[in-house]
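Visitor: got a sequence here, can you model it:
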Amino acid sequence: MSSEDMPQHQAPEPDSDGESSRAGSLSRSFGSARKATLGKSLPGADLHLSAPTLRWGLLAVAAGAVIAALVTLFVTGFDNETGLEAHSPASPGGTVLDKEFGTASSGDCLSWTKPDRADLVKVACSNKHLFEVAADIDMTRYPGKEFGVGSRFPDSLRLTELKEEHCVPAVEKYMGGSFDPRGRYVVGLMYPSPDGWNHGDRTLRCGLQFSGSTGTPLPSTGSAVEHDQSRVFEAGTCLGINQNLPTDPVDCSQPHAVEIVSTVDLGARFSSGPPAKAEQDKFVEDECAKSAADYLGSAEAVPNKTLTLFFDYLDARSWLAGSRKLDCMIGKGTDREGFAPITGTAKGDILINGQAPVPPPNSGRSTPTPLPGAAPLPQPR
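Guide: Residues are numbered from 1 along each chain as shown. The predicted model follows:
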């Protein structure tokens, strides 16, 4: 079954930061499942899998976690058990206890290793980092008493509203109007701790993060302004599995949904406007089939391991924002929507649902076991 034969359902229009499109896109059917076997039929090759399920799942979403994450996605307070406070140098309240956060401004990249972010530091954006600051916004400049002296620390709902009101437009401006709401990055907000708030700090820091499936930021290298926003991973990366959907990168020895075999750059083939879906699919299918054969050592390796080759689709919004890349992935579809758990890299021996895959017979039908003493049956050519 070709992608044109598979049913397509429109995703809802995205809200200002594209989060509704992420939730809605889970309902679209996956039109890019392919028989990457040079004509051989694969078990499960015609399954209807959700494209953005693969994309944002790739991004990771276990279905239930997505909706919950959308409410407070990347609204991260800078608070920790050591009592470290994040004061702006100009704010009242005494000494600045954390110069790194308190002085972070547009274009700065931040990183940390501890769960409480007590070791937060500024790093060069060319190095691995977890947050890129798009703007620092002093809320005391806004009229009213909400952010005045003695005002109450905002609750999570209000912080989410502040992210929508201030961070989404700040990120759009920082990205020069070319932000891919379905790409690698999500809009993030960092804010003072309650103690910092009580000492007068009202500065919000809006920025971009590479999202994980649970809201945990993943390491990113290079400034978002200068790089392709496509959400892609290195070849050899395995994406974990939760509720039959792909999640975050894991070691391939752990259960996973798909394994990345390569990344295709559509910019190498299409140089003008967004390519038609049929043209895009044909190019990506051919490239993925070649790279899968190279990755595994032969064109027969994919069907012999009873796997299927998958890839996604770049829509016009992503294309116009500058995204050009898609991942080629191999996995095992289930009888229902989603993926079966795979253990081990496809370059070696794997288990699917705990069982070793059985290669299909060359003739397409079972060959009976010879009776004792009988000559072996001739193999089909």
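Visitor: helices along the chain, start to end?
Guide: Ranges of helices in the chain, per DSSP state H, are 19-24, 51-57, 63-72, 99-102, 156-162, 168-174, 194-198, 277-296, 301-304, 316-320.
Visitor: residue 234 and residue 362, how far apart?
Guide: Using Cβ to Cβ, to the nearest Å, we find residue 234 at a distance of 34 Å from residue 362. Quick note: C-beta positions are derived from backbone N, CA and C, even for glycine.
Visitor: next one: residue 237
Guide: Using Cβ to Cβ, we find residue 237 at a distance of 32 Å from residue 362.
Visitor: the more surrounded of the two?
Guide: The residue with more neighbours, out of residue 237 and residue 362 and counting by other Cβ atoms under 10 Å, is residue 237; that gives 19 against 12.
Visitor: low-confidence bits of the stretch 51-200 of the chain, can you list those?
Guide: Low-confidence segments of the stretch 51-200 of the chain, defined by pLDDT under 70: 51-99.
Visitor: if we go to 50?
Guide: Counting by pLDDT under 50, the stretch 51-200 of the chain contains low-confidence residues at 51-97.
Visitor: for it, which segments count as strands?
Guide: In chain order, the stretch 51-200 of the chain shows strands spanning 75-77, 109-111, 121-123, 128-129, 131-138, 185-191, with DSSP state E, counting those that start in this stretch as the criterion.
Visitor: give me whichever of those strands is most buried.
Guide: Between those, the one whose residues have the most neighbours on average, counting mean count of other Cβ atoms under 10 Å, is strand 185-191 (a mean of 25).
Visitor: just checking, what packs against the longest strand along the chain?
Guide: Taking residue count as the measure and DSSP state E as the definition, the longest strand of the chain comes out as strand 256-265. When contacts are defined as 3 or more Cβ pairs under 8 Å, 6 or more residues apart in numbering; DSSP states H and E, strand 256-265 sits against strand 238-242, strand 245-250, helix 277-296, strand 325-331, strand 342-343.
Visitor: what's the distance between the closest residue to residue 224 other than its chain neighbours and residue 262?
Guide: Excluding the flanking residues, the one nearest residue 224 by Cβ to Cβ, 6 or more residues apart in numbering is residue 208, at 4.9 Å. Taking Cβ to Cβ as the criterion, residue 208 is separated from residue 262 by 26 Å.
Visitor: show me which of those two is the more surrounded one.
Guide: More crowded of residue 208 and residue 262, by other Cβ under 10 Å: residue 208, with 28 against 20.
Visitor: run a quick neighbour tally on the closest residue to residue 319 other than its chain neighbours.
Guide: Here the nearest residue to residue 319 in space, its sequence neighbours aside, is residue 274; by Cβ to Cβ, 6+ apart that works out to 4.0 Å. When neighbours are counted by other Cβ under 10 Å, residue 274 registers 15.
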